[in-house]
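Enquirer: Provided below for reference: sequence and predicted model.
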Amino acid sequence: MALVETTRLGRVATVTINRPEAMNAFNSELLEVLIDEMETLADYGGVGAVVITGAGRGFSSGADLNDAVVFRDSQAFADPENFLKIVQERYASLILRMRRIPQPVIAAVNGPAAGGGFSMALASDVRFASPEAYFVASFINIGLSGGELGCSYLLPRLVGLSRASEILLTGRKVRAEEAERMGLVTRVVAGDGLLEEALACARAMAAKSAGGLKLTKRALDENLAAPSLESAINIENRNQTIMVFSGEFFKLIRSFYKGEGAPGE
């Protein structure tokens, strides 16, 4: 059984984490497969948007703690330097790859998203959730720092510093309805409609130009930490100039002159 199943329909790829018997927890093998899949999708021009979800009843329960027990006496846990390189930085590289791929990533959170699963949801560009979904920054519950795998960077930018502090410092569950209210997820969708909602959003994005999607995602990332409005606009100006001369712009605005309305309407 494949640990990750990827299907492509048109310009949309759906990536399904496939360890349902373990609530899609990450072991070292699954981690490597997911990292490889993100790299493959990043290089594949035929995919305009990516949907990520979990098989069975959960999105992902995070790192499989059985791995930590099994490998406690291995080289990975020999000293802090080895642990940082072999374990910590490797897990974190998945989150960085999700942010670096040019395509927008949409999370269809169909159940618990805990620990690293929570981080994956945060690293997605858009999140939809089922009513059964909940989010847990569980790191602090097992004696670790609540700042893990990008949570301390991404979560405050989504829900504000005060809410993020409370979530990371208590390790409590944030259920789908509350997550929607605070802006952590875009929408809660019941039943079989969750994946279709995510796919519909992905199709709408994938219908746009690849360059436009890539530069929009890049501008959002860079301007989260822009020191000023002027700096943010400078990045936007650069991106728009690139796209005007890409050939797509004049092709797509022809409909205005033909009275057909704006592209995408």
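Expert: That came in fine, so what should we check first? From a predicted model like this one, the values you see are computed outputs, not experimental measurements.
Enquirer: what's the neighbour count on the closest residue to Thr170 other than its chain neighbours?
Expert: Using CB to CB, 6 or more residues apart in numbering and skipping residues adjacent in sequence, the residue nearest Thr170 is Ile140, 7.5 Å away. Using the backbone N, CA and C atoms, a C-beta is placed for each residue, glycine as well. Other residues near Ile140 come to 17 when the count uses other CB atoms under 10 Å.
Enquirer: ok, Ile140 - contacts?
Expert: Each residue near Ile140 by CB atoms under 8 Å, 6 or more residues apart in numbering is listed here: Gly146, Leu168, Leu169, Thr170, Gly171.
Enquirer: what's the farthest-apart pair in those?
Expert: Greatest spatial distance among those (CB to CB): Gly146 and Thr170, at 8.7 Å.
Enquirer: flag the shaky bits of the stretch 1-150 of the chain, pLDDT-wise.
Expert: Low-confidence segments of the stretch 1-150 of the chain, defined by pLDDT under 70: 67-74, 76.
Enquirer: the same query, at a cut-off of 50, please.
Expert: Counting by pLDDT under 50, not a single residue of the stretch 1-150 of the chain qualifies.
Enquirer: wait, Thr14 sits on Leu199?
Expert: Yes - here Thr14 reaches Leu199: they are 7.1 Å apart, a contact under CB atoms under 8 Å.
Enquirer: which residues do the two both contact?
Expert: Val51.
Enquirer: how about the strands in the stretch 1-150 of the chain?
Expert: 4-9, 12-17, 49-54, 105-109, 112-114, 126-129, 134-136 (DSSP state E, counting those that start in this stretch).
Enquirer: which one of those lies nearest to Leu158?
Expert: The minimum distance between Leu158 and these falls on strand 126-129, with 8.9 Å, by CB to CB.
Enquirer: CA atoms only: put the closest one into CSV for me.
Expert: Extracted as CSV, the C-alpha positions of strand 126-129 are listed here (Å, rounded to 0.1, in the frame of the first residue of the first chain):
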residue,chain,number,x,y,z
VAL,A,126,-6.1,27.7,2.0
ARG,A,127,-7.8,25.4,4.5
PHE,A,128,-11.3,23.8,4.4
ALA,A,129,-12.4,21.5,7.2
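Enquirer: so what's Leu96 closest to, chain neighbours aside?
Expert: Leaving aside its sequence neighbours, Leu96 sits nearest to Gly150 (CB to CB, 6+ apart; 7.9 Å).
Enquirer: ignore what I typed, I meant Ala92.
Expert: Closest to Ala92 by CB to CB, 6+ apart is Leu149, at 5.6 Å.
Enquirer: repeat that for Asp125.
Expert: Counting by CB to CB, 6+ apart, the residue nearest Asp125 is Pro104, at 4.4 Å.
Enquirer: all helices for the stretch 151-265 of the chain, in order.
Expert: For the stretch 151-265 of the chain, helices defined by DSSP state H, counting those that start in this stretch occupy the ranges 151-159, 161-170, 176-182, 193-206, 210-223, 229-244, 248-252, 254-257.
Enquirer: which of the residues in stretch 172-189 are buried?
Expert: The neighbour-count check on stretch 172-189 (16 or more other CB atoms under 10 Å) flags Arg172, Val174, Ala176, Ala179, Glu180, Leu184, Val185, Thr186, Val188, Val189 as buried.
Enquirer: is it true that the fifth one touches Ala129?
Expert: Yes - counting by CB under 8 Å, a contact exists between Glu180 and Ala129, whose distance comes to 7.2 Å.
Enquirer: can you give me the domain boundaries for this structure?
Expert: Here the domain parsing of the chain from automatic domain parsing is 4-206, 210-257.
Enquirer: adding distance to Thr40 and mean pLDDT, write the helices of the stretch 151-265 of the chain out as a markdown table.
Expert: Listed next are those as a markdown table, based on distance: least, CB to CB, whole Å; pLDDT from 0 to 100:
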| stretch | distance to Thr40 | mean pLDDT |
| --- | --- | --- |
| helix 151-159 | 24 | 96 |
| helix 161-170 | 32 | 97 |
| helix 176-182 | 30 | 97 |
| helix 193-206 | 17 | 97 |
| helix 210-223 | 16 | 93 |
| helix 229-244 | 25 | 93 |
| helix 248-252 | 25 | 77 |
| helix 254-257 | 35 | 70 |
